[in-house]
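Asker: Build me a model from this:
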Amino acid sequence: MGVIRKGAIAALVAFVAGAAVTLGSAYFSPSCDSIAGRFDVIVVPGAGFEDGDLNADARDRIDAAIALFDRGAAPRLHLTGGGWDGMTGGGLMQARAVAAGIPIEAISAETLSASTLQNALFSKPFLEDTPQILLVTEGFHVWRAWLSFSWAGLTPEVACASSAFSVYGRRGTIVMAATGSVKLWGNALRAGVWGILGMIGLQSRVSVDMLA
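Answerer: Numbering: from 1, shown residues only. Got it, this is the predicted structure:
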């Protein structure tokens, strides 16, 4: 068997495995509606925005977090997500939470990150003294987000799904399963390289943009 064929088979196996993990995340993550207990903070990774407003995934996440806050699941929210031209995912989620009646002083927002890895890494200064984290995101993203925050040293106590599948319907579900696989392996590679750079003392010489 040629090298190219072996490589293609390995890539296919990796893609299928990543898609299976992504679907497993959607199927087996607990629904945010089912979460009981009390935590120190509810954390919501950003999902982006379009036309000056949060996209459907981001609205799904923040609305689930607002419902949890209103039920007394935690006394504060931490929202994370960057952007451009003065508009950020973290800022837009904060505005939506305030409009829903959550006091501004109960919300912290990180507005520089451009990926789930950066969501986690850039949130460390906000969360290092909050041991019980409830992570809220949509089903496809739960396991990858949990791994990313754990990698950054912020292992969530619980991670829940705002909704099991994509809010964009069947086509969105297929797209999310496929892109989730690619992003899972991409995150693993970038996080691994970043860790190795740290171990050999070269991390400070490399831009954190490699994690974007």
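
Asker: For the helix or strand of the chain with the lowest mean pLDDT, give me every contacting residue.
Answerer: With mean pLDDT, DSSP states H and E as the measure, the helix or strand of the chain carrying the lowest mean pLDDT is strand 49-50 (a mean of 87). Contacts made with strand 49-50 from outside it, assessed by C-beta atoms under 8 Å, 6 or more residues apart in numbering, are listed as 55, 58, 83, 87, 89, 92. For every residue, glycine as well, the C-beta is placed using N, CA and C.

Asker: After it, which helix or strand is next?
Answerer: Towards the C-terminus, the helix or strand next in line after strand 49-50, according to DSSP states H and E, is strand 53-54.

Asker: in the helix or strand following that next one, what counts as buried?
Answerer: With elements assigned by DSSP H and E, the helix or strand that comes after strand 53-54 is helix 56-70. By neighbour count, and taking 16 or more other C-beta atoms under 10 Å as the criterion, the buried residues in helix 56-70 are 56-69.

Asker: And for stretch 70-89?
Answerer: Using 16+ other C-beta under 10 Å as the test for burial, stretch 70-89 gives 73-74, 76-83, 88-89.

Asker: and those as JSON lines, adding pLDDT?
Answerer: Supplementary listing: the buried residues of stretch 70-89 in JSON lines, determined by pLDDT from 0 to 100:
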{"residue": "Ala73", "pLDDT": "98"}
{"residue": "Ala74", "pLDDT": "98"}
{"residue": "Arg76", "pLDDT": "97"}
{"residue": "Leu77", "pLDDT": "98"}
{"residue": "His78", "pLDDT": "98"}
{"residue": "Leu79", "pLDDT": "98"}
{"residue": "Thr80", "pLDDT": "97"}
{"residue": "Gly81", "pLDDT": "96"}
{"residue": "Gly82", "pLDDT": "95"}
{"residue": "Gly83", "pLDDT": "93"}
{"residue": "Thr88", "pLDDT": "95"}
{"residue": "Gly89", "pLDDT": "95"}
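
Asker: okay, those in JSON lines with secondary structure next?
Answerer: Written out in JSON lines, the entries for the buried residues of stretch 70-89 read as follows (DSSP: H, G, I helix; E, B strand; the rest coil):
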{"residue": "Ala73", "secondary structure": "coil"}
{"residue": "Ala74", "secondary structure": "coil"}
{"residue": "Arg76", "secondary structure": "coil"}
{"residue": "Leu77", "secondary structure": "strand"}
{"residue": "His78", "secondary structure": "strand"}
{"residue": "Leu79", "secondary structure": "strand"}
{"residue": "Thr80", "secondary structure": "strand"}
{"residue": "Gly81", "secondary structure": "coil"}
{"residue": "Gly82", "secondary structure": "coil"}
{"residue": "Gly83", "secondary structure": "strand"}
{"residue": "Thr88", "secondary structure": "strand"}
{"residue": "Gly89", "secondary structure": "helix"}
